[in-house]
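Asks: sequence unknown, structure follows:
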DNA sequence: CCCGTCTCGTTCGGATCCGAACGAAACTCC
DNA sequence: GGAGTTTCGTTCGGATCCGAACGAGACGGG
């Protein structure tokens, strides 16, 4: 059975051990005992409604139930935790270190990249910061308006723009970096040095898998 | 020496082994051989301008140089890699799985939360998805307009709003979840099963440190 | 020298993201 | 029953985020 939604066609199949039978989307989660996807969805809802630790119990229960099946629980747990930790860390660093200086996360990242590189082309800043060129134009506009950095046309190529920190911007970075780094220590305080190193190495593997240097 | 920027005051100090002397923000990076912050900034710029692996060399060089000093390189590496990996993974999953269905990352997260919980209050969706109530109002508006979920006033408390998936929304989730999960496998393909488990566990520690359940 | 192609940054429209403020609803106390 | 307080979701203004399209600039070939 195939299903087409928004012009995209997908072949559906019951994610049971024998692979037979057909999932009926409108019935998910359904009462078919052999349908492991429905089992998974139902178990997740049950563990959540009890207000327990969200991801830990969900992952454990579903991992046992779907072992060997088509749902890759280990990868799912890894990805969900990457996203969850990144979200939590960003919010903490934003609220405790950046917001008092009226800075956003991306504003900080852009300032950091420009601080490190000095006179740098905007296309490189966008690539380093991981944002689009269009977004960078807006962020640079905001930081420029704040008097933290300045832009100038490339002497050899009028299409290109170079940015650098103003004296005010440099001063701000010297003040903020130690504070930012101190909060980085706080958010990872629960980890041993070995865990931090292992974490960084493993995440580097993931990042390089997705976007090779 | 203290410096005040935007109403926030910070005490500056040279991050050298003896802790003496004063950093002059406008001169950073400066020529003072004992100033390790300037060393760090300069080394980072140098390694980058050569187009080598960005974070690996930077971290190694600076970790050696600043060992025992005030800059916490291990925590910094951990946090930067969390953010970088999360960014890369999100972009990949968005472009390869979600965009063909005209979904954003947060739209997906909200659909996922509502799919798992069934009839759920919007304040809980916002908390689960890690976004503000104001943002959720907009995202729900978009998904409602797409015909993927519907809202109704809480029968017992007119202040509250409940959301659930429409049949079209449920069908979409059944199609998308396997694809999303398959791509989760792809983005973590470079890791062993043990690394994935260790990664998830370590990140869970970080997330719980920042936002206890 | 001119034309075609490619690159760069900006603009555009739409989506997300936030905190603060607001109106409506619920609750508690007198 | 009314007043005061708290909670909920929405609205607001500003910032970010994207891909696509555009104008300007650079380059190569004829």
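Replies: Noted; the coordinates are in hand. Predicted, not measured: the structure shown is a model, and the values here were computed from it.

Asks: where does chain A dip in pLDDT?
Replies: Along chain A, segments meeting pLDDT under 70 span A:1-70, A:212-213.

Asks: please list the residues of it that sit near DNA strand D.
Replies: Residues of chain A lying near DNA strand D by Cβ under 7 Å from any atom of the strand: A:104-107, A:130-135, A:138-139, A:141-142, A:145, A:156-159. Yep, even glycine has a C-beta here, placed from its N, CA and C like the rest.

Asks: now the strands for chain A?
Replies: A:2-5, A:8-11, A:120-121, A:149-153, A:161-165 (DSSP state E).

Asks: ok, now which ones touch the residue lying closest to residue A:195 once chain neighbours are set aside?
Replies: Nearest non-adjacent residue to residue A:195, counting by Cβ to Cβ, 6 or more residues apart in numbering or on different chains: residue B:202, 5.4 Å away. With contacts defined as Cβ atoms under 8 Å, 6 or more residues apart in numbering or on different chains, residue B:202 is in contact with A:191, A:195, A:198, A:199.

Asks: need these in CSV (columns: neighbour count).
Replies: Below are the contacts of residue B:202 laid out as CSV (neighbours: other Cβ atoms under 10 Å in any protein chain shown):
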residue, neighbour count
A:191, 20
A:195, 18
A:198, 17
A:199, 27
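
Asks: just checking, residue A:207 touches residue B:88?
Replies: Yes. Assessed by Cβ atoms under 8 Å, residue A:207 is found in contact with residue B:88 at 4.8 Å.

Asks: neighbour count winner among the two?
Replies: residue A:207 (24 against 20; other Cβ atoms under 10 Å in any protein chain shown).

Asks: which residues touch residue A:104?
Replies: A:94, A:98.

Asks: how many neighbours does residue A:181 have?
Replies: 18.

Asks: is it true that it touches residue B:72?
Replies: Yes. Look at residue A:181 against residue B:72 with Cβ under 8 Å: they come within range, at 5.6 Å.

Asks: circling back to that earlier point, helices - which of the contacts of residue B:202 land there?
Replies: Per DSSP state H, helices hold the following members of the contacts of residue B:202: A:195, A:198, A:199.

Asks: so which residues of chain A form helices?
Replies: A:36-49, A:54-65, A:73-93, A:105-117, A:122-129, A:133-145, A:167-187, A:193-210.

Asks: distance to residue B:96 added to those, as CSV?
Replies: Output for these, formatted as CSV (distance: least, Cβ to Cβ, whole Å):
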stretch, distance to residue B:96
helix A:36-49, 21
helix A:54-65, 24
helix A:73-93, 13
helix A:105-117, 23
helix A:122-129, 20
helix A:133-145, 21
helix A:167-187, 30
helix A:193-210, 10
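
Asks: and of those, who's closest to residue B:187?
Replies: helix A:193-210 (5.4 Å; Cβ to Cβ).

Asks: any buried residues in the closest one, and which?
Replies: A:195-200, A:202-210 (16 or more other Cβ atoms under 10 Å in any protein chain shown).

Asks: and residue A:137, how many neighbours?
Replies: Count around residue A:137 with other Cβ under 10 Å applied: 12.

Asks: what is the burial count for the residue nearest to it when sequence neighbours are not counted?
Replies: Leaving aside its chain neighbours, residue A:137 sits nearest to residue A:122 (7.7 Å; criterion: Cβ to Cβ, 6+ apart). Using other Cβ under 10 Å, residue A:122 has 19 other residues around it.

Asks: was I right about residue A:122 contacting residue A:163?
Replies: Yes. Using Cβ under 8 Å, residue A:122 makes contact with residue A:163 at a distance of 6.0 Å.

Asks: who touches both of those two?
Replies: The contact lists of residue A:122 and residue A:163 share A:140, A:151, where a contact means Cβ under 8 Å, 6+ apart.

Asks: residue A:154 touches residue A:163, doesn't it?
Replies: No. Counting by Cβ under 8 Å, residue A:154 does not reach residue A:163; the two are 10.8 Å apart.

Asks: now for the two: what residues contact both?
Replies: Shared contacts of residue A:154 and residue A:163, counting by Cβ under 8 Å, 6+ apart, come down to residue A:121.
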